[in-house]
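Chemist: sequence plus the predicted model coming up.
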Amino acid sequence: MPTTGIWQEEPEGIVRRFSPRVARGAASYRFHPAERHEPQDDGSLIVRFHAGGLQEIAWHLARWGGEVEVLALHRLQQMVRDLGARLASP
C-alpha cells in the first residue's frame, strides 16, 4: 500500500548507520514509527525501517552531514550523493 501524505511511493527498506559521534542523538530521534535501532560495538547506530518518500528522506539526511551513511537502498544512496553534489556546487 502506498504511503499517505505528499510522497506516494511504495515503502522500501531503508538502512542507515550513524557514526559514534552522533549515535546518541540519533537514538533519541524518531525517524519512523516502526524503526528498529541496532547499537553497534564501535558505538555507531544502525536504524532500519520501511518507508516511501525517498526524496524527503534524502533531504532529511543532509542535516546529519558526514555522520550518517546510507547502507540500503542503493537508489537512496545515489539521491543523497546527488544532493550533496548540488549543495556543494556554486
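Modeler: Yes, it's here. Numbers count the residues shown, from 1 in each chain.

Chemist: the top helix by length along the chain: how far from the chain's middle?
Modeler: Assignment by DSSP state H gives helix 74-88 as the longest helix of the chain. Chain-centre distance of helix 74-88: 12 Å, with C-alpha atoms, centre = their mean, to the nearest Å.

Chemist: just checking, what packs against it?
Modeler: With contacts taken as 3 or more C-beta pairs under 8 Å, 6 or more residues apart in numbering; DSSP states H and E, helix 74-88 sits against strand 12-18, helix 54-61, strand 68-72. (Glycine included, C-beta is placed from N, CA and C.)

Chemist: strand partners of the first one, parallel vs antiparallel please.
Modeler: Using DSSP bridges, the neighbouring strands of strand 12-18 in the sheet come out as strand 45-51 (antiparallel), strand 68-72 (antiparallel).

Chemist: pLDDT on that strand, on average?
Modeler: The average pLDDT within strand 12-18 is 96.

Chemist: returning to what we had before: may I have the longest helix of the chain as CSV, with CA atoms only?
Modeler: The C-alpha atoms that make up helix 74-88 are tabulated as CSV, following Å, rounded to 0.1, in the frame of the first residue of the first chain:
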residue,chain,number,x,y,z
HIS,A,74,21.0,1.9,-3.4
ARG,A,75,18.6,4.4,-5.0
LEU,A,76,18.6,6.5,-1.8
GLN,A,77,22.4,6.3,-1.7
GLN,A,78,22.5,7.9,-5.1
MET,A,79,19.9,10.5,-4.2
VAL,A,80,22.0,11.6,-1.2
ARG,A,81,25.2,11.7,-3.4
ASP,A,82,23.4,13.9,-6.0
LEU,A,83,22.0,16.2,-3.3
GLY,A,84,25.5,16.6,-1.8
ALA,A,85,26.9,17.4,-5.2
ARG,A,86,24.2,20.0,-5.8
LEU,A,87,24.7,21.6,-2.4
ALA,A,88,28.5,21.8,-3.0
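
Chemist: okay, angle between that helix and helix 54-61 too, please.
Modeler: Helix 74-88 and helix 54-61 are oriented at 50 degrees to each other (axes from the mean of the first three to the mean of the last three C-alpha atoms, to 10 degrees).
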